[in-house]
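>>> take a look and give me a structure for this.
(2 chains)
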There are 2 protein chains.
Amino acid sequence: MTSSEGLPYYHRMQISRPGDALGTMQEVWEYYRADVQAVDIQIQKHVDSDVPLINQVALYILTSGGKRIRPLLLMIAARLGGYDDAAHHAVTLASAVEYIHAATLLHDDVLDEAALRRGKDPAHALWGNRATILVGDYLYTKAVCLAVQLGSIEVDSILAHACRIMAEGEALQLLHCGDLGLTDEAYLKIVECKTAALLSAACRLGGVLSGASWEEKEALGRFGRYLGIAYQVADDTLDYVADQGRLGKALGKDLSEGKITLPLLHLLRTAAAPDRQLVQTVIREGQASPAQLREILDLMQAYGSIVYAMDIARQHITIAQQNLDGFDPSPHRQALVAVAEYVVSRDH
Amino acid sequence: MTSSEGLPYYHRMQISRPGDALGTMQEVWEYYRADVQAVDIQIQKHVDSDVPLINQVALYILTSGGKRIRPLLLMIAARLGGYDDAAHHAVTLASAVEYIHAATLLHDDVLDEAALRRGKDPAHALWGNRATILVGDYLYTKAVCLAVQLGSIEVDSILAHACRIMAEGEALQLLHCGDLGLTDEAYLKIVECKTAALLSAACRLGGVLSGASWEEKEALGRFGRYLGIAYQVADDTLDYVADQGRLGKALGKDLSEGKITLPLLHLLRTAAAPDRQLVQTVIREGQASPAQLREILDLMQAYGSIVYAMDIARQHITIAQQNLDGFDPSPHRQALVAVAEYVVSRDH
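Next up is the predicted model:
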């Protein structure tokens, strides 16, 4: 407790201390704790529908353990540009971005007939498909309402564009469901649309709010896009590594849904004919025995498919970080670098 | 064919002819044919996703015989305010409004497990729930993108607000599914949210584009809201009348979905105990025999439930039309009056 406790949170923010090291994600979370808490408060405050069902489902998905990586990136990007007094705008927009993310989770819940989301029951299993779709619609429209309040066409345009790209990405993924002929490029395009577009928008919006130059906003947008691609590639890949002990549960889920990931694509391309045929058969049949899953995971290790995919993720992180070179050194720039490292270094 | 054929369509628009009578819907369609055709072209032109599946599903729903009542109202409201050279803005916005309407139809298709939409197979039966939800999302986000292009925060705000209200309305309807204790007020609130909000927005947006005064925009918004309520009440009610010969197919569908309509509410409130019990039993069981449906339709006639509901619709149309009193007489004002009449006078 400090003597500044009574001030609005954004006056209590730490002042830039160029000597500070923000090397780990833990240090980053600590440094921006006040910002992320402020966003959390807004996220819950704006779930204010007259319809209790909406609030119930929305709060369920919004408080189910999401890491607020998108709001965090938006806040850091805003701070990077010297943002200060109008930080409440960034908080509002960060909560809007999280609403959009939650809306896609809800629609994905229905789409994928997901068995588990973040270890809890998926929303559609508790409230049914109808409520899940509608509350997704509500959260998306609420996000647009919050963004419009800021009175910036640039902000609205960035968000609307990102959302359209995300919808296209989901449709692209659906179109290539079970497509064994998918190329790495097509896979990365899907990932860029469905995941990287919103992370890119979050970073760019931070730049917009801090009055960054066009070049800076472009650089922040690219940082978010490459980070976002790496985030999804690593997410798809690390799942297999983490789950190996549990007989390939993540792999089994992806295979049964016809979701083709980068390690699978690599395996299909490089494996000898009999090995490749095993994978193809499992994907076509949409199910695999525990023994088959174990074998495919072993093949991925043997053919270097996991290493290959994580290399691709790391390459994207390097490009993401290069886009920060034009910014003066600061704890905020360090923080963005650290978030990027985190994305490819852990099981998220 | 006139000599002005080579000019952009909006220079070919008929000039206001105060002597013209625009008394019927047919005359209105004819008078605004160029406008509605221009909207139709835009509606198809902007379905330009890189993902063929999106274009396929989107065009299916957008060209499946919708009457374009929302775009028509937007164009008339814009013309009412003396709109001219920038009519392409109105056309763009009118197509965005129709996209939003189509998005709700797609999500409704999934929600209601609708057997038939406009006499054709529902989208989800042809492409599955996943594609149907995603293309709904795409159309909604595309609409926001189109609106943002106009560079008006007021436009964005009106659209975003309407969409949020619509999502709340759908959730309200879901919440009161099968609710025999629903009041008329609660029913009208649902209708106002899920149907009238977008019709109101369409009219108001026409006013915004034509540079109407605040009072005029408010009046147009109220006109659209009351017209929208009447539209849905009449839609719910006339279905029963039109379908009586087909053994109450519409009634059977509403009852099986737990959708409580105004005639049903009236019947539940006014019927003698044994008659009321029949209705209650059918709603609780979610299905009715042809004989039961026939009996309920007869009861609705006997207790005046159809007349009651249509009276409510007509009262709303009267209030809608009163909101046009402040505008100078013109074919456009006549046209809005005629559209309002049409809403309560036909089987739509």
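>>> quick one: contacts of the helix or strand harbouring residue A:298?
Assigned by DSSP states H and E, residue A:298 falls within helix A:290-302. Outside helix A:290-302, the residues that touch it by C-beta atoms under 8 Å, 6 or more residues apart in numbering or on different chains are A:240, A:244, A:247-248, A:251-252, A:255, A:263-264, A:266-267, A:271, A:275, A:278-279, A:282, A:288, A:305-306. Glycine gets a C-beta too; all of them are placed from N, C-alpha and C.
>>> show me which residues of it are buried.
Residues of helix A:290-302 classed as buried: A:292, A:293, A:295, A:296, A:297, A:299, A:300 (neighbour count, 16 or more other C-beta atoms under 10 Å in any protein chain shown).
>>> so what's residue A:107 up against?
Residues near residue A:107 by C-beta under 8 Å, 6+ apart: A:132, A:133, A:136, A:170, B:133, B:134, B:137.
>>> what parts of the stretch 101-250 of chain A come near chain B?
A:107, A:110-111, A:129-131, A:133-135, A:137-138, A:140-142, A:144-145, A:147-149, A:151-153, A:156-157, A:160-161, A:163-164, A:166-168, A:170-172, A:174-175 (C-beta under 8 Å from any C-beta of the partner chain).
>>> can you get me a residue count around residue A:221?
24 (other C-beta atoms under 10 Å in any protein chain shown).
>>> most widely separated two among the contacts of residue A:107?
A:132 and A:170 (15.1 Å; C-beta to C-beta).
>>> just the buried subset of the contacts of helix A:290-302, written out for PyMOL, thanks.
Applying 16+ other C-beta under 10 Å to those, the buried members can be selected in PyMOL as follows:
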select buried, chain A and resi 240+244+248+251+252+255+263+264+266+267+271+275+278+279+282+288+305+306
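>>> the contacts of helix A:290-302 in strands, which ones?
In this view, the contacts of helix A:290-302 have no member that belongs to strands under DSSP state E.
>>> what are the buried residues along stretch A:331-348?
Those would be A:331-345, for stretch A:331-348 by 16+ other C-beta under 10 Å.
>>> low-confidence ranges in chain A?
Residues of chain A meeting the criterion pLDDT under 70: A:1-20, A:85-86, A:111-120, A:242-248, A:346-348.
>>> residue nearest the centroid of it?
residue A:195 (5.7 Å; C-alpha atoms, centre = their mean).
>>> contact partners for the nearest residue in space to that residue that is not next to it in sequence?
Of all residues not flanking residue A:195 in the chain, residue A:232 sits nearest, at 4.0 Å (C-beta to C-beta, 6 or more residues apart in numbering or on different chains). Residue A:232 is in contact with A:191, A:194, A:195, A:196, counting by C-beta under 8 Å, 6+ apart.
>>> find the pair from those with maximum spatial separation.
A:194 and A:196 (8.0 Å).
>>> more neighbours: these two, which one.
Remark: of residue A:194 and residue A:196, residue A:196 carries more neighbours, 27 against 22, as counted by other C-beta under 10 Å.
>>> ok so the more buried one is a helix residue?
Yes. Assessed with DSSP: H, G, I helix; E, B strand; the rest coil, residue A:196 lies in a helix.
>>> ok, it - contacts?
Shown in contact with residue A:196 (C-beta under 8 Å, 6+ apart): A:224, A:225, A:226, A:227, A:228, A:229, A:231, A:232.
>>> one more time with 7 Å, if that's ok
By C-beta atoms under 7 Å, 6 or more residues apart in numbering or on different chains, residue A:196 lies in contact with A:225, A:228, A:229.
>>> any idea how far the helix or strand in which residue A:30 is found is from the chain center?
Here residue A:30, judged by DSSP H and E, is contained in helix A:25-31. Its chain's C-alpha centre and that of helix A:25-31 lie 18 Å apart, by C-alpha atoms, centre = their mean, to the nearest Å.
>>> after that helix comes which helix or strand?
helix A:33-45.
>>> list the buried ones in that following helix?
Buried, per 16+ other C-beta under 10 Å, within helix A:33-45: A:34, A:35, A:36, A:38, A:39, A:40, A:42, A:43.
>>> biggest separation within the residues you listed, which pair?
Farthest pair in the buried residues of helix A:33-45 (C-beta to C-beta) is A:34 and A:43. Separation: 14.9 Å.
>>> ok, and the closest non-adjacent residue to residue A:222?
Sequence neighbours aside, residue A:323 is the residue nearest to residue A:222 in space, at 4.6 Å (criterion: C-beta to C-beta, 6+ apart).
>>> any idea how far the one you found lies from residue A:314?
15 Å (C-beta to C-beta, to the nearest Å).
>>> what do you get for residue A:301?
Using C-beta to C-beta, residue A:301 is found at 18 Å from residue A:314.
>>> please apply the same query to residue A:249.
For residue A:249, the distance to residue A:314 - C-beta to C-beta - is 25 Å.
>>> again with residue A:179
Taking C-beta to C-beta as the measure, residue A:179 falls 26 Å from residue A:314.
>>> C-alpha coordinates for stretch A:167-182, PDB please?
The C-alpha coordinates for stretch A:167-182 follow below in PDB (Å, rounded to 0.1, in the frame of the first residue of the first chain):
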ATOM      1  CA  ALA A 167     -14.400 -14.900 -39.400                       C
ATOM      2  CA  GLU A 168     -12.700 -15.700 -42.800                       C
ATOM      3  CA  GLY A 169     -10.000 -17.600 -40.900                       C
ATOM      4  CA  GLU A 170     -12.500 -19.800 -39.100                       C
ATOM      5  CA  ALA A 171     -14.200 -20.500 -42.400                       C
ATOM      6  CA  LEU A 172     -10.900 -21.300 -44.100                       C
ATOM      7  CA  GLN A 173     -10.100 -23.700 -41.300                       C
ATOM      8  CA  LEU A 174     -13.500 -25.300 -41.800                       C
ATOM      9  CA  LEU A 175     -12.900 -25.600 -45.500                       C
ATOM     10  CA  HIS A 176      -9.600 -27.300 -45.000                       C
ATOM     11  CA  CYS A 177     -10.900 -29.600 -42.300                       C
ATOM     12  CA  GLY A 178      -9.300 -33.000 -42.800                       C
ATOM     13  CA  ASP A 179      -7.400 -31.700 -45.900                       C
ATOM     14  CA  LEU A 180      -4.300 -33.800 -46.100                       C
ATOM     15  CA  GLY A 181      -3.100 -31.700 -49.000                       C
ATOM     16  CA  LEU A 182      -2.900 -28.500 -47.000                       C
END
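>>> buried residues, that stretch. List them.
A:167, A:168, A:169, A:170, A:171, A:172, A:173, A:174, A:175, A:176, A:182.
>>> quick check, nearest of these to residue B:209?
Within the buried residues of stretch A:167-182, the smallest distance to residue B:209 is 26.7 Å, found for residue A:167 (C-beta to C-beta).
>>> surely that closest one is in contact with residue B:140?
No. With contact defined as C-beta atoms under 7 Å, residue A:167 does not reach residue B:140; the gap is 8.1 Å.
>>> still on that earlier bit, residue A:323 and residue A:314: which is more packed in?
residue A:323 (22 against 17).
>>> so the more buried one touches residue A:224, yeah?
No. Using C-beta under 7 Å, residue A:323 makes no contact with residue A:224, being 9.0 Å away.
>>> on that earlier part again, could you dump the buried residues of helix A:33-45 into TSV with distance to chain B added?
Listed next are those as TSV, based on distance: C-beta to the nearest C-beta, whole Å:
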residue	distance to chain B
A:34	29
A:35	25
A:36	25
A:38	23
A:39	20
A:40	22
A:42	17
A:43	16
